[in-house]
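J.: After the sequence you'll find the predicted model.
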2 protein chains.
Amino acid sequence: MPSASASRKSQEKPREIMDAAEDYAKERYGISSMIQSQEKPDRVLVRVRDLTIQKADEVVWVRARVHTSRAKGKQCFLVLRQQQFNVQALVAVGDHASKQMVKFAANINKESIVDVEGVVRKVNQKIGSCTQQDVELHVQKIYVISLAEPRLPLQLDDAVRPEAEGEEEGRATVNQDTRLDNRVIDLRTSTSQAVFRLQSGICHLFRETLINKGFVEIQTPKIISGGANVFTVSYFKNNAYLAQSPQLYKQMCICADFEKVFSIGPVFRAEDSNTHRHLTEFVGLDIEMAFNYHYHEVMEEIADTMVQIFKGLQERFQTEIQTVNKQFPCEPFKFLEPTLRLEYCEALAMLREAGVEMGDEDDLSTPNEKLLGHLVKEKYDTDFYILDKYPLAVRPFYTMPDPRNPKQSNSYDMFMRGEEILSGAQRIHDPQLLTERALHHGIDLEKIKAYIDSFRFGAPPHAGGGIGLERVTMLFLGLHNVRQTSMFPRDPKRLTP
Amino acid sequence: MPSASASRKSQEKPREIMDAAEDYAKERYGISSMIQSQEKPDRVLVRVRDLTIQKADEVVWVRARVHTSRAKGKQCFLVLRQQQFNVQALVAVGDHASKQMVKFAANINKESIVDVEGVVRKVNQKIGSCTQQDVELHVQKIYVISLAEPRLPLQLDDAVRPEAEGEEEGRATVNQDTRLDNRVIDLRTSTSQAVFRLQSGICHLFRETLINKGFVEIQTPKIISGGANVFTVSYFKNNAYLAQSPQLYKQMCICADFEKVFSIGPVFRAEDSNTHRHLTEFVGLDIEMAFNYHYHEVMEEIADTMVQIFKGLQERFQTEIQTVNKQFPCEPFKFLEPTLRLEYCEALAMLREAGVEMGDEDDLSTPNEKLLGHLVKEKYDTDFYILDKYPLAVRPFYTMPDPRNPKQSNSYDMFMRGEEILSGAQRIHDPQLLTERALHHGIDLEKIKAYIDSFRFGAPPHAGGGIGLERVTMLFLGLHNVRQTSMFPRDPKRLTP
């Protein structure tokens, strides 16, 4: 199917070489015509990760990117990459390859996609720079399927270099904006491939765990009729807003007898925050659940769900974790079973002992959260814990007050490596108390009428929480910026790509 | 834990009864104080669906809604409902219940949530009106956990009544706007519970199938910097837009070597369409996949995914299907394996034979789609099929032309019961051809520069498609309005609840 006759590419170099006359190998290389589904050849393409000594001496076809190419006399060494796997390939002047073919191979632009036919050969010395260390591919045919432009906006090798190595050895690394501006290339690195495969795993484990626990997945609307800290949308002749959480809707589902619900979807925050952990659009993993007598029934279900995610990641994504660690070294994530639960007053005592001055009803600042994370890790050897019983004063109006202590509430946050990843609480399910608390917070009752009315026709006691997906990925892997764990991050200054 | 002393409810009737003096049963009923997680009693609540003859003569606690109550002399019959299950309960004057207690029970507002202690008793005659037909509950204690207001905006029994029955017998049914305005109550019906549990199952089966096929789940941004038919968002000091599809992002993931990706998320259409099948916000199940030589590799993967969903629903959700059928009778959904594929020209021939006049390059109108569905069902006995090779003229600019016939394209739609549920195609992966096609469509190249640039650094041939979740649910169940399968639908005229 591939042919050397294609002539649609602007790149001249390979074509000149191809056109040279009297080339006994000229049918064995070239630029294929664009794949337009002309044919259904029965050719089998072997995966790069399957190129092992078991396949030694077999002739195989492989489709991969040209990661690097290096000519050396009558030979050309290519590294062929497929996702996080790569293999060395050799084009050498001989029966199969002519001088022109070697030159052609050496001049294929990096990141081009090629179809290669070759013999798998065992090598005597392991190839340390490739994932397939025991074999190389002796190329018999090579066709370019999709030619990359000659100048790449960033080099993949630079993009995976650890910061420390870059600094010590004076070698290039790639800054964040360059990465994000050229995300299609940055996402090809082994680190990015691993990060986002693991993130897909988090979503999968979250749902798998909850569906096994009897939860129902719900889809909640993102365009809503009002709210605070929300983006405004032109909606035909009126205004609408973007939901900053599925809170109301998941609570409505509880009032509608779904009992245990979860959702995964975008949430929007119209806050001009430019920090390492804020995005204007992120993915919320949301849970809401009716309980029988105590909100700890829900809190423990959520904590167990997180534990199942951590375990699942460590069991199924070890390769990805290690790949990321190569570029971003980090201690393995530690957690206890059952999850450590501290009350807010206990945390205050630990912080005060460490010299922090804080009032009983003050919220935790970001540095104090971090410090508390260190103190907890030291004392209990865990990177994950629950902080329970927050002061009522620092929580939203719909948070259930603690019946035993009017300054406390039935609310909790959960932390990974000292940063908040989940905020949750028992919600007030009684319309009268909800009205009182809204008035206490100075909220216009007219604006939350529909919310309060949801509880007028019998509402079970319930609790829940919302988790930030990008933060969980970031903190599990010990990364330092939430933009590393959002494929196409949005912040007050970035709307593209 | 429940006590008769609570006094926070506005509802007077039950309280008056409770306050009556000299009641030997007065500790056995009442309105509980609000559950604020005061205690963790070790009481076990039994599920209504587990109340069977296996539990005969056991004393159990149940939490459920009062679906109906009916006093009859010294007795009161309640129907207690929990999700789609219900059981009859009897409060009768005797050792456990006083006259006042019976009166209290008879006066509990419908939809209130109660905790009931009772003995499970086998009944001699099956109770046809309940799901638990072989037993009833002899109530010993009854406490209201959450009291509903006395007037409900709609009656659940009316809301599940089949249209035909309503018309024939002159009995009430509930119109769509009343349902949607009071969604919290409408979602409690057995029909709604079944519809949305099945919809959760569609998402689960979609992901389960694709993850088993090696796909990676991606999260794509909904706030974007431009597009057609999009809602405008005020984004700090600028404008942004709501994505009308994850198209660009899933293609970027293919260019970034993820090879097989899917996403589930909201998509937004700023179209003033007020039909039974259009929403301004719906849930897109999106797939994109690199292929080796022919886009049918992808089309067949998508069709197989749909087949796995249909099979899974028929295996795992038979109860839900039957529940919906009670209200909305419908033939079981039929499909073939492998999926029937027709070419557009074949469909044209069938329509012409049936008397339809259509040009070779005309798109299918909605009535013709429906008609074609009938013809296909008659001829092939399937409710699901692929229509392949659409005229190039009716597809978007990024659709790959058919190399053998310049008027055709490598594109396909899929249909369920004669309505389109998926639109897909091979995409153009060559920046030069993409530019030519965009110019041909009169598109401003400046506006799609980022899109075209995505393909400049080596792009594999790829294809994909987008599925509307609400349509799949609607058509699988044979329903007639997409608002029935969106929990909180959005259309040009509806933004609430």
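T.: Done, it's in. Numbering: from 1, shown residues only, chains lettered A, B, ... in the order given.
J.: A:Met400: how many residues sit nearby?
T.: A:Met400 has 27 neighbours, counted by other C-beta atoms under 10 Å in any protein chain shown. Glycine gets a C-beta too; all of them are placed from N, C-alpha and C.
J.: separation between it and B:Gln36?
T.: From A:Met400 across to B:Gln36, the span is 6 Å (C-beta to C-beta, to the nearest Å).
J.: who touches both of those two?
T.: Taking C-beta atoms under 8 Å, 6 or more residues apart in numbering or on different chains as the criterion, A:Met400 and B:Gln36 both touch A:Asn410, A:Gln426.
J.: first to last residue in stretch A:455-462, what's the distance?
T.: 11 Å (C-alpha to C-alpha, to the nearest Å).
J.: pLDDT averaged over that stretch - what is it?
T.: Stretch A:455-462 shows a mean pLDDT of 98.
J.: ok, the nearest residue to A:Asn238 once chain neighbours are set aside to A:Val233 distance?
T.: Leaving out its chain neighbours, the residue that sits closest to A:Asn238 by C-beta to C-beta, 6 or more residues apart in numbering or on different chains is B:Leu495, at 7.7 Å. Using C-beta to C-beta, B:Leu495 is found at 10 Å from A:Val233.
J.: Give me the three-state assignment for A:Glu22.
T.: coil (DSSP: H, G, I helix; E, B strand; the rest coil).
J.: Which residues of the stretch 351-497 of chain A lie near chain B?
T.: A:400-404, A:410, A:426, A:429-430, A:432-433, A:450, A:454, A:456-461, A:469, A:486-490, A:492, A:495-497 (C-beta under 8 Å from any C-beta of the partner chain).
J.: hmm, 10 Å instead?
T.: Residues of the stretch 351-497 of chain A lying close to chain B (C-beta under 10 Å from any C-beta of the partner chain) are A:400-404, A:410, A:426, A:428-433, A:450-451, A:453-463, A:469-470, A:485-490, A:492-497.
J.: List the residue ranges of the stretch 1-150 of chain A that fall below the pLDDT cut-off.
T.: Filtered on pLDDT under 70, the stretch 1-150 of chain A yields the residue ranges A:1-21.
J.: Near chain B, which residues of it are found?
T.: A:1, A:8-10, A:33-45, A:61, A:63-66, A:81-84, A:109-115, A:144-149.
J.: Give me the buried subset of those residues.
T.: Neighbour-count burial (16 or more other C-beta atoms under 10 Å in any protein chain shown) is assigned, among these, to A:33-37, A:61, A:63-66, A:81-84, A:109-115, A:144-149.
J.: Among these, which are located in strands?
T.: A:61, A:63-66, A:81-82, A:113-115, A:144-146 (DSSP state E).
J.: CSV for those residues, including distance to B:Arg28?
T.: Below are those laid out as CSV (distance: C-beta to C-beta, whole Å):
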residue, distance to B:Arg28
A:Trp61, 79
A:Arg63, 75
A:Ala64, 76
A:Arg65, 75
A:Val66, 81
A:Arg81, 74
A:Gln82, 71
A:Ile113, 76
A:Val114, 81
A:Asp115, 80
A:Val144, 84
A:Ile145, 79
A:Ser146, 77
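J.: Please name the nearest non-neighbouring residue to A:Val174.
T.: Using C-beta to C-beta, 6+ apart, the closest residue to A:Val174 is A:Ala159 (4.6 Å).
J.: Wait, the one you found touches A:Arg179, no?
T.: Yes - A:Ala159 lies in contact with A:Arg179 (C-beta atoms under 10 Å); the separation is 6.7 Å.
J.: Now for the two: what residues contact both?
T.: Shared contacts of A:Ala159 and A:Arg179 (C-beta atoms under 10 Å, 6 or more residues apart in numbering or on different chains): A:Ile185, A:Asp186, A:Leu187, A:Thr189, A:Ser192.
J.: can you list the weak-confidence ranges in the stretch 351-497 of chain A?
T.: Nowhere does the stretch 351-497 of chain A drop to pLDDT under 70.
J.: residue ranges of the helices in it, please?
T.: A:366-380, A:431-440, A:449-453, A:469-476 (DSSP state H, counting those that start in this stretch).
J.: residues of the second one that come out buried?
T.: Pointing back at helix A:431-440 there. The neighbour-count check on helix A:431-440 (16+ other C-beta under 10 Å) flags A:Pro431, A:Leu433, A:Leu434, A:Thr435, A:Arg437, A:Ala438 as buried.
J.: One more: the shortest one?
T.: Residues of helix A:449-453 classed as buried under the neighbour-count rule (16+ other C-beta under 10 Å) are A:Tyr451, A:Ile452, A:Asp453.
J.: which helices and strands does it pack with?
T.: On a contact count with 3 or more C-beta pairs under 10 Å, 6 or more residues apart in numbering or on different chains; DSSP states H and E, helix A:449-453 meets helix A:247-255, helix A:431-440.
J.: For the last one, name the packing helices and strands.
T.: Think helix A:431-440. Using 3+ C-beta pairs under 10 Å, 6+ apart, helix A:431-440 sits against helix A:449-453.
J.: how far out from the middle of the chain is the helix it packs on?
T.: Relative to its parent chain, helix A:449-453 has a centroid offset of 36 Å by C-alpha atoms, centre = their mean, to the nearest Å.
J.: Please name the residues that touch the residue of the stretch 301-450 of chain A found nearest chain B.
T.: In the stretch 301-450 of chain A, the residue that lies nearest chain B is A:Pro403 (4.1 Å; C-beta to the nearest C-beta). Shown in contact with A:Pro403 (C-beta under 10 Å, 6+ apart): A:Asn410, B:Ser33, B:Met34, B:Ile35, B:Gln36, B:Ser37, B:Gln38, B:Glu39.
J.: Let me know how buried the residue in the stretch 251-400 of chain A positioned nearest to chain B is, in neighbour terms.
T.: Relative to chain B, the nearest point of the stretch 251-400 of chain A is A:Ala256 (3.5 Å; C-beta to the nearest C-beta). If you count neighbours by other C-beta under 10 Å, A:Ala256 ends up with 25.
J.: Tell me the confidence at it?
T.: 98.
J.: Tell me which residues touch it, please.
T.: With contact set as C-beta under 10 Å, 6+ apart, A:Ala256 has these partners: A:218, A:454, A:457, A:459, B:83, B:183-189, B:192-193, B:196, B:487.
J.: Mind picking the one among these that's closest to B:Ser263?
T.: Nearest to B:Ser263, judged by C-beta to C-beta, of the contacts of A:Ala256 is A:Ile218 at 17.2 Å.
J.: from what I can see that closest one touches A:Glu259, true?
T.: No - counting by C-beta under 10 Å, A:Ile218 does not reach A:Glu259; the two are 11.6 Å apart.
J.: pretty sure A:Thr220 is touching A:Gln244, no?
T.: No - counting by C-beta under 10 Å, A:Thr220 does not reach A:Gln244; the two are 12.0 Å apart.
J.: Overlap of the contact sets of these two?
T.: Taking C-beta under 10 Å, 6+ apart as the criterion, A:Thr220 and A:Gln244 both touch A:Val267, A:Gly284.
J.: Between these two, which has more neighbouring residues?
T.: Counted by other C-beta under 10 Å, A:Thr220 and A:Gln244 do not tie: A:Thr220 has more neighbours, with 24 against 19.
J.: For that one, what are phi and psi?
T.: Dihedral pair for A:Thr220: phi -110, psi 150, per degrees, to the nearest 10.
J.: Centre of the chain to stretch A:353-365, how far?
T.: Using C-alpha atoms, centre = their mean, the offset of stretch A:353-365 from its chain centre is 33 Å.
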